[in-house]
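[1] the sequence isn't on hand, but the structure is:
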Ligand SMILES: NC(=O)c1ccc[n+]([C@@H]2O[C@H](COP(=O)([O-])OP(=O)(O)OC[C@H]3O[C@@H](n4cnc5c(N)ncnc54)[C@H](OP(=O)(O)O)[C@@H]3O)[C@@H](O)[C@H]2O)c1
């Protein structure tokens, strides 16, 4: 079960080394928990050592059963990099540590390498609900409240249950405040990143602060749930620039998206339950690099097309999803 390929590593500010590609585990409403757990088994066998999990994906217990079997057969816990995430209905001070303990128990992994606050909003909505759904007591980002949650995240690091904590779906204005007030600074920031949504300012900002960017939806999430689709959305897998590079390399356009992401300095976490695809994705971390000219050509095709807009987190009637992302440089409240 030793990895046959050499995956680059990202050095976090603690000195820990995180594999620069991971397996996503959100089944997008179509891959069952059992199917995702079997993909985790196959992916580890193929050489993956980084898993992106979350309580809300509803499959941590099934993934944990696979991990327990692999540990019993000799896989060492410290060979894996395991992330989980705190869901929005667990931001209350009393809920954070039990939620993390539940994920660790379900995953049967003893500790987490990274634990993230999944969204900076505490607004509950049931998994799978329509984008029109709103929490009746929805709130905007309130920094004092977020820091109460973060203090509990810091305690998880103090206790050793978690090695690193991080953010997800935050903006520069929010990170400015979090970095000002955090005792334990975020080590990673998970953000949507693909050739049609490159987020260069946030990407450069986090790296300049010693935070590693983890890229979700690195392929443009071609099979995302219908509720996460709008007519304006674009697809990087059919972009002529990506397709032309894929033809030169004789690979699927997905591989070009992953090579670009890793060469740029991100850590993509592509999802797949198809062995041929997840093996090919891992090999994107190795082998022929993109040329400088190809990297520049991809930098020029940013369509600023956010796919995961987060509409369910809106807190006022009549708002549009842009309010969640602080586009005017200030935190909307
Ligand atoms: N922090 C957050 O808020 C957040 C939000 C969204 C996602 N995430 C994380 O990011 C992960 C990835 O995002 P995602 O799953 O939405 O999108 P994605 O990784 O961009 O796309 C996944 C889809 O692409 C297909 N695919 C994978 N490799 C392929 C290949 N080589 N050739 C052709 N098709 C391929 C897969 O289908 P097959 O299964 O058929 O291969 C799968 O349906 C999630 O699983 C989750 O862990 C985090």
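    Received it, and whenever you're ready, just let me know what you need. In this text the structure is predicted, and so the values were computed from the model without any measurement. Numbers count the residues shown, from 1 in each chain.

[2] going forward, measure contacts and count neighbours with C-alpha atoms only.
    OK.

[3] okay, buried residues for the helix ranked longest in the chain please.
    Ranked by residue count under DSSP state H, the longest helix found in the chain is helix 143-159. By neighbour count on 16 or more other C-alpha atoms under 10 Å, the buried set for helix 143-159 is 146-147, 149-154, 156-157.

[4] okay, the residues you listed in JSON lines with pLDDT next?
    Output for the buried residues of helix 143-159, formatted as JSON lines (pLDDT from 0 to 100):
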{"residue": "146", "pLDDT": "98"}
{"residue": "147", "pLDDT": "98"}
{"residue": "149", "pLDDT": "98"}
{"residue": "150", "pLDDT": "98"}
{"residue": "151", "pLDDT": "98"}
{"residue": "152", "pLDDT": "98"}
{"residue": "153", "pLDDT": "99"}
{"residue": "154", "pLDDT": "99"}
{"residue": "156", "pLDDT": "98"}
{"residue": "157", "pLDDT": "98"}
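
[5] which among those residues are in contact with the ligand?
    Subset of these in contact with the ligand: empty, counting by C-alpha under 6 Å from any ligand atom.

[6] what number of residues lie near whatever residue of the stretch 51-200 of the chain ends up closest to the ligand?
    In the stretch 51-200 of the chain, no residue comes nearer to the ligand than residue 52, which is 4.9 Å away by C-alpha to the nearest ligand atom. Neighbourhood size, residue 52 [other C-alpha atoms under 10 Å]: 23.

[7] show me what it is bridged to.
    Applying DSSP bridges to residue 52 gives these bridge partners: residue 24, residue 83.

[8] my guess is residue 237 contacts residue 243. True?
    Yes: using C-alpha atoms under 8 Å, residue 237 makes contact with residue 243 at a distance of 7.1 Å.

[9] compare neighbour counts for these two and give me the winner.
    Neighbour count, other C-alpha under 10 Å: between residue 237 and residue 243, residue 237 has more, with 23 against 19.

[10] what about residue 288, how many neighbours?
    Residue 288: 10 neighbours (other C-alpha under 10 Å).

[11] ok, the closest residue to it other than its chain neighbours to residue 220 distance?
    Of all residues not flanking residue 288 in the chain, residue 249 sits nearest, at 7.9 Å (C-alpha to C-alpha, 6 or more residues apart in numbering). Distance from residue 249 to residue 220, counting by C-alpha to C-alpha, to the nearest Å: 20 Å.

[12] so these two - more neighbours on which side?
    residue 220 (26 against 15).

[13] identify the residues contacting the more buried one.
    194, 196, 235-237, 307 (C-alpha atoms under 8 Å, 6 or more residues apart in numbering).

[14] same thing but 7 Å
    194, 235-236 (C-alpha atoms under 7 Å, 6 or more residues apart in numbering).

[15] quick check: residues of the stretch 151-300 of the chain near the ligand?
    Residues of the stretch 151-300 of the chain lying near the ligand (C-alpha under 6 Å from any ligand atom): 168, 190, 216-224, 252, 254, 269-274, 277-278, 280-281.

[16] quick one: end-to-end distance for stretch 53-69.
    For stretch 53-69, the end-to-end distance is 18 Å (C-alpha to C-alpha).

[17] buried set for it?
    Buried, per 16+ other C-alpha under 10 Å, within stretch 53-69: 53-67.

[18] and what of stretch 285-297?
    Neighbour count says stretch 285-297 has 285, 289-290, 294-295 buried, by 16+ other C-alpha under 10 Å.

[19] what's the mean pLDDT across it?
    Stretch 285-297 comes out with an average pLDDT of 95.

[20] got the contact list for that stretch?
    5-7, 259-260, 262.

[21] what do residue 237 and residue 243 both touch?
    residue 253.

[22] before we move on, back to that, of the contacts of residue 220, which is the most crowded?
    Result: residue 194 is most packed of the contacts of residue 220 (other C-alpha under 10 Å), 30 neighbours.

[23] next, the nearest residue to that residue once chain neighbours are set aside: phi, psi?
    Excluding its sequence neighbours, the residue lying closest to residue 194 (C-alpha to C-alpha, 6+ apart) is residue 218, at 4.7 Å. Main-chain dihedrals, residue 218, degrees, to the nearest 10: phi -70, psi -20.

[24] one more: residue 177?
    According to degrees, to the nearest 10, residue 177 has phi -70, psi -40.
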